[in-house]
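> got a predicted structure plus its sequence, pasted below:
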Amino acid sequence: MAEIDQSGGGKKGGKKRSKKASTKIDMTPMVDLGFLLITFFMLTTTLAKPVTMQLSMPDKTETKETSPVKASETLTVLPDENKVYYYQGKPGDATTVVQVTDYSDQGIRQVLFRLKKQVGQNFTIVIKATKGAKYKNMVDMLDECAITDNKRYALLEITPIDEEMIKKSGK
(Lines give C-alpha, C1' and ligand atoms only; values in the text may rest on other atoms or scores of the structure.)
Protein backbone atom coordinates (compact mmCIF):
# COMPACT_ATOMS: atom_id res chain seq x y z
CA MET A 1 0.00 0.00 0.00
CA ALA A 2 1.91 3.00 1.22
CA GLU A 3 5.38 2.93 2.58
CA ILE A 4 7.64 5.45 4.25
CA ASP A 5 11.22 5.83 3.14
CA GLN A 6 13.39 6.09 6.28
CA SER A 7 16.75 6.47 4.67
CA GLY A 8 18.46 9.61 5.75
CA GLY A 9 19.76 10.36 2.34
CA GLY A 10 22.73 12.08 3.96
CA LYS A 11 26.33 11.78 2.80
CA LYS A 12 29.17 11.00 5.12
CA GLY A 13 30.83 14.03 6.34
CA GLY A 14 29.54 17.52 6.30
CA LYS A 15 26.49 18.70 8.08
CA LYS A 16 24.04 16.20 9.39
CA ARG A 17 20.54 16.84 8.33
CA SER A 18 17.42 15.55 9.89
CA LYS A 19 15.86 12.56 8.28
CA LYS A 20 13.02 13.37 5.88
CA ALA A 21 10.18 10.93 5.63
CA SER A 22 9.00 10.57 2.01
CA THR A 23 5.83 8.74 1.15
CA LYS A 24 5.18 6.51 -1.81
CA ILE A 25 1.58 5.56 -2.64
CA ASP A 26 0.80 2.35 -4.51
CA MET A 27 -2.05 3.09 -6.96
CA THR A 28 -2.74 -0.52 -7.97
CA PRO A 29 -5.76 -1.02 -5.64
CA MET A 30 -7.25 2.29 -6.80
CA VAL A 31 -7.00 1.24 -10.46
CA ASP A 32 -8.52 -2.15 -9.65
CA LEU A 33 -11.42 -0.45 -7.91
CA GLY A 34 -11.92 1.89 -10.88
CA PHE A 35 -12.12 -1.01 -13.34
CA LEU A 36 -14.49 -2.89 -11.04
CA LEU A 37 -16.80 0.12 -10.91
CA ILE A 38 -16.67 0.61 -14.69
CA THR A 39 -17.47 -3.07 -15.23
CA PHE A 40 -20.30 -2.97 -12.71
CA PHE A 41 -21.97 0.07 -14.30
CA MET A 42 -21.56 -1.30 -17.83
CA LEU A 43 -23.21 -4.58 -16.89
CA THR A 44 -26.07 -3.07 -14.90
CA THR A 45 -27.00 -0.29 -17.33
CA THR A 46 -30.19 -0.80 -19.33
CA LEU A 47 -29.64 0.04 -22.96
CA ALA A 48 -32.35 1.68 -25.06
CA LYS A 49 -34.75 -0.84 -26.46
CA PRO A 50 -35.65 -0.48 -30.14
CA VAL A 51 -39.12 0.86 -30.74
CA THR A 52 -41.10 -1.28 -33.15
CA MET A 53 -44.48 -0.98 -34.75
CA GLN A 54 -46.75 -3.98 -35.14
CA LEU A 55 -47.47 -4.43 -38.85
CA SER A 56 -49.54 -7.37 -40.01
CA MET A 57 -49.02 -8.34 -43.62
CA PRO A 58 -51.22 -10.87 -45.43
CA ASP A 59 -49.87 -14.23 -46.44
CA LYS A 60 -49.01 -14.26 -50.17
CA THR A 61 -49.86 -17.94 -50.61
CA GLU A 62 -53.33 -17.59 -49.17
CA THR A 63 -56.04 -16.62 -51.64
CA LYS A 64 -58.97 -15.05 -49.93
CA GLU A 65 -62.06 -13.35 -51.25
CA THR A 66 -62.11 -9.72 -50.27
CA SER A 67 -65.05 -7.41 -50.27
CA PRO A 68 -64.80 -4.34 -52.49
CA VAL A 69 -64.19 -1.03 -50.79
CA LYS A 70 -66.23 2.03 -51.72
CA ALA A 71 -64.26 4.80 -53.41
CA SER A 72 -65.88 7.35 -51.12
CA GLU A 73 -64.46 5.50 -48.11
CA THR A 74 -60.93 5.25 -49.51
CA LEU A 75 -58.09 7.75 -49.31
CA THR A 76 -55.08 7.07 -51.52
CA VAL A 77 -51.88 8.56 -50.13
CA LEU A 78 -48.75 8.93 -52.27
CA PRO A 79 -45.80 9.78 -49.98
CA ASP A 80 -42.91 11.55 -51.67
CA GLU A 81 -39.66 12.86 -50.20
CA ASN A 82 -40.95 16.23 -48.93
CA LYS A 83 -44.63 16.14 -49.94
CA VAL A 84 -47.61 13.90 -49.52
CA TYR A 85 -49.99 13.63 -52.45
CA TYR A 86 -53.46 12.32 -51.75
CA TYR A 87 -56.79 11.86 -53.44
CA GLN A 88 -60.13 10.34 -52.69
CA GLY A 89 -61.82 8.24 -55.34
CA LYS A 90 -60.73 6.00 -58.21
CA PRO A 91 -57.37 6.64 -59.87
CA GLY A 92 -57.67 8.03 -63.40
CA ASP A 93 -61.29 9.11 -62.89
CA ALA A 94 -62.10 12.57 -64.29
CA THR A 95 -63.53 13.75 -60.95
CA THR A 96 -60.51 12.65 -58.92
CA VAL A 97 -58.31 15.59 -57.91
CA VAL A 98 -54.80 15.14 -56.50
CA GLN A 99 -54.02 17.41 -53.57
CA VAL A 100 -50.72 17.97 -51.80
CA THR A 101 -49.74 18.46 -48.17
CA ASP A 102 -46.75 17.75 -45.93
CA TYR A 103 -45.81 15.43 -43.06
CA SER A 104 -46.41 17.97 -40.29
CA ASP A 105 -49.14 17.70 -37.68
CA GLN A 106 -51.10 20.34 -39.61
CA GLY A 107 -50.63 18.41 -42.86
CA ILE A 108 -51.58 14.81 -43.55
CA ARG A 109 -52.70 14.24 -39.96
CA GLN A 110 -55.43 16.87 -40.27
CA VAL A 111 -56.50 15.35 -43.60
CA LEU A 112 -56.87 11.94 -41.93
CA PHE A 113 -58.79 13.39 -38.97
CA ARG A 114 -61.09 15.34 -41.31
CA LEU A 115 -61.87 12.24 -43.41
CA LYS A 116 -62.41 10.18 -40.28
CA LYS A 117 -64.96 12.75 -39.09
CA GLN A 118 -66.75 12.81 -42.49
CA VAL A 119 -66.78 9.10 -43.30
CA GLY A 120 -66.53 7.52 -39.87
CA GLN A 121 -64.27 4.84 -38.44
CA ASN A 122 -64.44 2.52 -41.43
CA PHE A 123 -62.38 4.21 -44.10
CA THR A 124 -59.34 2.69 -45.76
CA ILE A 125 -56.01 4.35 -46.46
CA VAL A 126 -54.16 3.07 -49.51
CA ILE A 127 -50.45 3.95 -49.28
CA LYS A 128 -48.47 3.93 -52.52
CA ALA A 129 -44.92 5.24 -52.16
CA THR A 130 -43.48 7.22 -55.07
CA LYS A 131 -40.04 6.58 -56.49
CA GLY A 132 -38.68 9.61 -54.62
CA ALA A 133 -39.94 8.43 -51.24
CA LYS A 134 -37.47 7.35 -48.58
CA TYR A 135 -37.90 4.70 -45.92
CA LYS A 136 -38.48 7.46 -43.36
CA ASN A 137 -41.45 8.73 -45.38
CA MET A 138 -43.16 5.34 -45.24
CA VAL A 139 -42.52 5.09 -41.49
CA ASP A 140 -43.96 8.60 -41.07
CA MET A 141 -47.10 7.59 -42.96
CA LEU A 142 -47.53 4.45 -40.84
CA ASP A 143 -47.00 6.60 -37.72
CA GLU A 144 -49.76 8.94 -38.89
CA CYS A 145 -52.08 5.95 -39.31
CA ALA A 146 -51.28 4.90 -35.74
CA ILE A 147 -51.70 8.43 -34.36
CA THR A 148 -55.09 8.87 -36.02
CA ASP A 149 -56.09 5.41 -34.77
CA ASN A 150 -56.76 4.06 -38.25
CA LYS A 151 -56.49 0.31 -38.38
CA ARG A 152 -57.43 -0.14 -42.04
CA TYR A 153 -54.63 0.63 -44.43
CA ALA A 154 -52.95 -1.13 -47.31
CA LEU A 155 -49.46 -0.84 -48.78
CA LEU A 156 -49.41 -1.09 -52.56
CA GLU A 157 -47.00 -0.32 -55.37
CA ILE A 158 -47.53 2.91 -57.25
CA THR A 159 -49.13 2.54 -60.68
CA PRO A 160 -48.39 4.52 -63.85
CA ILE A 161 -51.87 6.06 -63.54
CA ASP A 162 -50.95 7.47 -60.12
CA GLU A 163 -47.67 8.87 -61.45
CA GLU A 164 -49.52 10.49 -64.34
CA MET A 165 -52.03 12.05 -61.93
CA ILE A 166 -49.16 13.58 -59.93
CA LYS A 167 -47.62 15.02 -63.10
CA LYS A 168 -50.96 16.47 -64.22
CA SER A 169 -51.52 18.11 -60.85
CA GLY A 170 -48.36 20.20 -61.34
CA LYS A 171 -47.76 20.41 -57.60
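Okay, I see it.

> I'd like the next helix or strand past the helix ranked longest in the chain.
In the chain, taking DSSP state H as the definition, the longest helix is helix 28-44. Under the assignment DSSP states H and E, the closest C-terminal helix or strand after helix 28-44 is strand 74-79.

> now find how far off-centre that next one is within its chain.
Mean C-alpha position of strand 74-79 versus that of the full chain (CA atoms, centre = their mean, to the nearest Å) differs by 22 Å.

> isn't Leu112 up against Val84?
No. Contact criterion CB atoms under 8 Å: Leu112 and Val84 do not qualify, at 10.4 Å. Placement of C-beta: from N, CA and C, glycine included.

> and the gap between Asp149 and Gly170?
Going from Asp149 to Gly170 by CB to CB, to the nearest Å gives 33 Å.

> ugh, wrong one, Glu164
Plainly put, Glu164 is 12 Å away from Gly170 if you go by CB to CB.

> just say helix, strand or coil for Lys128.
strand (DSSP: H, G, I helix; E, B strand; the rest coil).

> what's the following helix or strand after the helix or strand of the chain at the bottom of the mean pLDDT ranking?
The helix or strand of the chain with the poorest confidence is strand 2-5; it has a mean of 59 (mean pLDDT, DSSP states H and E). Using DSSP H and E, the helix or strand that follows strand 2-5 towards the C-terminus is strand 22-25.
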